[in-house]
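Q: Dropping the sequence and predicted coords here.
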Amino acid sequence: MKFLIHTYGCQMNVRDSEAVEALLVAAGHEKAASEADAELVIVNSCTVRQKAEEKAIGKTGNLCAEGKLTGLMGCAVKRLGEEVFRKLPKLDFAVGPRAIGLIPKIISDGVFPRLELADDAMSQALASHMSGGVQAFVTILVGCDNRCSYCIVPDVRGHEYSRPAREIIAEVRALVENGVKEVCLLGQSVLRYGVRNAAWDDSDAPSPGGYKEAFPRLLEALSAISGLERIRFTSAHPKGCTDELIRAYKEFPKVCRHLHLPVQSGSDRILADMGRHYTRAEYLAAVAKLRELDPGFALTTDVIVGYPGETEADFEETRTLMEEAGFDNSFIFKYSPRPGTRSAAKPDDVPKAEKERRDQVLLADQEARGLRRNAVCVGTVREVMVEGPSKRNKARFSGRDGGNRIVVWDVSPGEQAPRAGEVLQLRIIDAHAQILIGERI
Ligand code: SAH
Ligand code: SF4
């Protein structure tokens, strides 16, 4: 059957969709070239904010109306349960984020409507990849046990579980044999790898560098895989910025000097209410450690504006923290109460227009700061991994430096076109807030 998957939400969802694609292809199905061509369409949904959920449900509703076999997967399914069929009466099947391994079987069984929410066939799904690219996502940790007050992720993605290191190493080896040059390790809180359940067992060879913590030890093991050029990971919690992690950054050049370190707020009062388990000073101390290691270390973050009870003074604290931390990029979210979370019990008392204003203020700050941070790169030579030609201009190529900064450069007609995955030395000649302009040297 020809199928297509539409993905909403975070990189975890991107990875889950890729795993389902691989499972469907292995079961004899075929990726459709376009929506019109598809006989089966699946929407992978997000529910982290109400708007995100509405988008995915709306899209699914439109697809259902076309009369094709239609499925919904991901976080919104787990939140809605049976209700999903009341919202979408023509939906054929719905699968929660930890049951995605069942999708090929659901299709071959052919019994609809069907709802699957339990943990099932997860490890099989996690090990499946589509071949082709030079970059791959590898999920190392599923679920989350942090229970931040505003967040629905623990309800929909379940308890935290670290996959065995041995499984991950084998998976990355296989990916590299298939041409992958860069992996991005995924989890809600990757620095908690191996904390809730052991990731390494006694029969695993000891760490050559004497690493005791599970995550730095994983970085060490993956660094030893020849042919792998770059290792990234996301997301991280500042509590995990340990001395061993810093040592791993120093010792393993394949580990990119970029960290997505969501701060959420700069106000201690709000951070405590959110249950983030760090203060503004502790967060900034983690940032200082990374910048001491490398002043060019790229830092990105997530921030929520308009959390219940957030005053103008709290908001100013967020603004000043963002300036002090000097984020290279940031993702600003307007608070959205999620049913069943702790903060949903509080009045959502920051008016919509005020949330919008705070959002705009932080976006404008980030635009200026991004430009300033990027301007420092002008004149430097950077190692850029080629991703491919730009969609609009085939003579222009795009790639990323180790700090995850997007670099574009022109390739003259006579010049041999660079290959995806190739690492080039480029001199930066100009900077914008979101991209750097380079030239071959
Ligand atoms: N596990 C990651 C974040 C996962 S959710 C972490 O802890 O860093 C991605 C981002 O969505 C969060 O960092 C937060 O900024 C935002 N977010 C989560 N719940 C939200 C809510 N109820 N309203 C607005 N933004 C939210
Ligand atoms: Fe949500 Fe907090 Fe877990 Fe991140 S760490 S997924 S914000 S509960």
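A: Looks like it arrived, so ask away. Ligands and ions are numbered 1, 2, ... in the order given.
Q: Could you export stretch 106-114 as PDB, CA atoms only?
A: Taking C-alpha atoms only, stretch 106-114 is exported to PDB below (Å, rounded to 0.1, in the frame of the first residue of the first chain):
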ATOM      1  CA  ILE A 106      -2.900  -3.000  12.600                       C
ATOM      2  CA  ILE A 107      -2.800  -2.500   8.800                       C
ATOM      3  CA  SER A 108      -2.400  -6.200   8.000                       C
ATOM      4  CA  ASP A 109      -5.200  -7.100  10.500                       C
ATOM      5  CA  GLY A 110      -7.500  -4.700   8.700                       C
ATOM      6  CA  VAL A 111      -9.900  -4.400  11.600                       C
ATOM      7  CA  PHE A 112     -11.100  -0.800  12.100                       C
ATOM      8  CA  PRO A 113     -11.600   1.300  14.100                       C
ATOM      9  CA  ARG A 114      -8.800   0.400  16.300                       C
END
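Q: Lowest mean pLDDT among the helices and strands, pick that one out for the chain.
A: Least confident helix or strand, the chain: helix 122-126 with a mean of 84, by mean pLDDT, DSSP states H and E.
Q: Show me what that one is packed against.
A: Counting contacts by 3 or more CB pairs under 8 Å, 6 or more residues apart in numbering; DSSP states H and E, helix 122-126 packs against helix 11-26. (Each C-beta comes from the backbone N, C-alpha and C, glycine too.)
Q: Could you pull up the mean pLDDT of the helix it packs on?
A: Regarding helix 11-26, the rounded mean pLDDT is 96.
Q: Identify each buried residue in that helix, please.
A: Across helix 11-26, burial judged by 16 or more other CB atoms under 10 Å covers 12-25.
Q: next SSE after the least confident helix or strand of the chain?
A: Downstream of helix 122-126, the first helix or strand assigned by DSSP states H and E is strand 135-139.
Q: What lies in contact with the least confident helix or strand of the chain?
A: Helix 122-126 is touched from outside by 16, 19-20, 23, 98-101, 139, 142, 163, 167, with contacts defined as CB atoms under 8 Å, 6 or more residues apart in numbering.
Q: Tell me the residues of this protein that contact ligand 2?
A: Residues of the chain found near ligand 2 (CB under 6 Å from any ligand atom) are 144, 146-148, 151, 153-154, 188-189.
Q: just checking, which of the residues you listed belong to helices?
A: With helices identified by DSSP state H, the entries of the residues of the chain next to ligand 2 that belong to them are 153-154.
Q: Give me the ChimeraX select line for the residues of the chain next to ligand 2, limited to the buried ones.
A: Per 16+ other CB under 10 Å, the buried members of these correspond to this ChimeraX selection:
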select :144,146,148,151,153,154,188,189
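Q: Just name the closest of the residues of the chain next to ligand 2 to residue 380, please.
A: Among the residues of the chain next to ligand 2, residue 189 lies closest to residue 380 (CB to CB), at 32.3 Å.
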